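[1] sequence and predicted structure are below.
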Amino acid sequence: MLTVGEFSKICQVSIKTLHYYDKIGLLVPIKVDPFSGYRYYDSHQVEQMLLIGRLKRYGFSLDDIRILLECGDDRVLFAALCRQKEKLELQKRDKELVIRELSAHLQNFERTGDIMGYQKDYKIAVEKAPDRTVIASRQMMGVKDFGTYYSGLYERMAKDHLTPDGLRGAVYYDDEFDHESSDIELIVGICEKDKADKTMEGRLCAATIHKGPYSSLSDAYGALVAWIEENGYAWDGAPYEIYTKTQFDGLAPEDWETKIFFPVKKRPAAEA
């Protein structure tokens, strides 16, 4: 048997941590002296402790680790490791996007001397948006749910033999935006007007094009809102975005393009 000190040295983990793992039932000593309270570990528990440390580095919570170890099924652990690998790869891609965005921000600042200069790169114009014949899916959803609901729309298109016209977008109806749950309508354009869910009537809109990943779309929204206020317009309906260049075109996130439309009307002269 190994004393708690010896076990601590071998596994490179503090005694305080071992006491905590004992308390939560994650790694219980093989023996506790009833008189001194000293903890003792078996040599086979070294492997278990090293596995716990590795799973922590992989990003599993202590509760997750305890459940996986209690299961005792290597196949369950293997499946969990595969899922965690996918999760970490997604996080890595997200971090790489943030780093590229930060680099572009720094370059813009070096060029303009304005820390908010990136918002001034948007070219905004008022235009009459065209009518759009679409099938739609509207419900409370989060941004993470887009893929699921778009899949439903495309499955419906295949089932009903509808012809896509290349348009894909999202309309935002809530007064405020919640990344996890908002009133959003996903739209896909089709050629068959008689089979459409709706025709989005062409409206006067303030519009701009955002180049880059969706995580920075808020920059374009902010620029649009400021422009509308400064130029004597007011919102006149739900804003929406059309995805014109995406990953489905084989493009990297920094090359994606999204056109954003804010329906507007001229404010009365007294308010302008």
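    Yes, it's here. Keep in mind the model is a prediction, meaning the values are calculated, not measured. Numbers count the residues shown, from 1 in each chain.
[2] buried ones in stretch 123-131, by neighbour count?
    Ile124, Ala129 (16 or more other CB atoms under 10 Å). Using the backbone N, CA and C atoms, a C-beta is placed for each residue, glycine as well.
[3] the bottom helix or strand of this structure by mean pLDDT?
    helix 74-112 (a mean of 88; mean pLDDT, DSSP states H and E).
[4] now the element after it, going C-ward?
    Toward the C-terminus, helix 74-112 is succeeded by strand 125-128 as the next helix or strand (DSSP states H and E).
[5] show residues contacting that following strand.
    Identification of contacts with strand 125-128 by CB atoms under 8 Å, 6 or more residues apart in numbering yields Gly202, Arg203, Leu204, Cys205, Ala206, Ala207, Thr208, Tyr233, Val264.
[6] ok, now stretch 14-34?
    So stretch 14-34 is contacted by 1, 4-5, 7-8, 38-42, 45, 48-49, 52, 62, 65-66, 69 (CB under 8 Å, 6+ apart).
[7] now the helices for the protein?
    4-11, 15-23, 44-57, 62-71, 74-112, 146-160, 217-230 (DSSP state H).
[8] and Lys211, what does it touch?
    Contacts of Lys211 (CB under 8 Å, 6+ apart): Glu254, Asp255, Trp256, Glu257.
[9] whichever of those end up buried, select them in PyMOL.
    If you want just the buried ones from these in PyMOL, going by 16+ other CB under 10 Å, the selection is:
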select buried, resi 256
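[10] one step back: and the least confident helix or strand of the chain, what's buried?
    For helix 74-112, by 16+ other CB under 10 Å, it's Leu77, Ala80, Leu97, Glu101, His105, Asn108.
[11] go on, stretch 241-261?
    Glu241, Ile242, Tyr243, Thr244, Pro253, Trp256, Thr258, Lys259, Ile260, Phe261.
[12] which two of those have the greatest separation?
    Farthest apart among the buried residues of stretch 241-261 by CB to CB are Pro253 and Phe261. That separation is 21.6 Å.
[13] sorry, back to before: same for the least confident helix or strand of the chain, what does it pack against?
    Using 3 or more CB pairs under 8 Å, 6 or more residues apart in numbering; DSSP states H and E, the elements in contact with helix 74-112 are helix 62-71.
[14] what score does Ala252 have for pLDDT?
    The score at Ala252 is 85. That number is its pLDDT.
[15] distance check, the residue sitting furthest away from the middle of the chain against Leu18.
    Distance to the chain centre peaks in the chain at Phe35, reaching 53.9 Å (criterion: CA atoms, centre = their mean). Remark: distance between Phe35 and Leu18 (CB to CB, to the nearest Å) = 20 Å.
[16] what residues does the spatially most central residue of the chain make contact with?
    Nearest to the mean C-alpha position of the chain, by CA atoms, centre = their mean, lies Lys144 at 5.8 Å. Neighbouring residues of Lys144 by CB under 8 Å, 6+ apart: Glu180.
[17] can you put the buried residues of helix 74-112 in TSV and add distance to Ala125?
    Shown next, in TSV, are the buried residues of helix 74-112 (distance: CB to CB, whole Å):
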residue	distance to Ala125
Leu77	56
Ala80	51
Leu97	28
Glu101	25
His105	25
Asn108	22
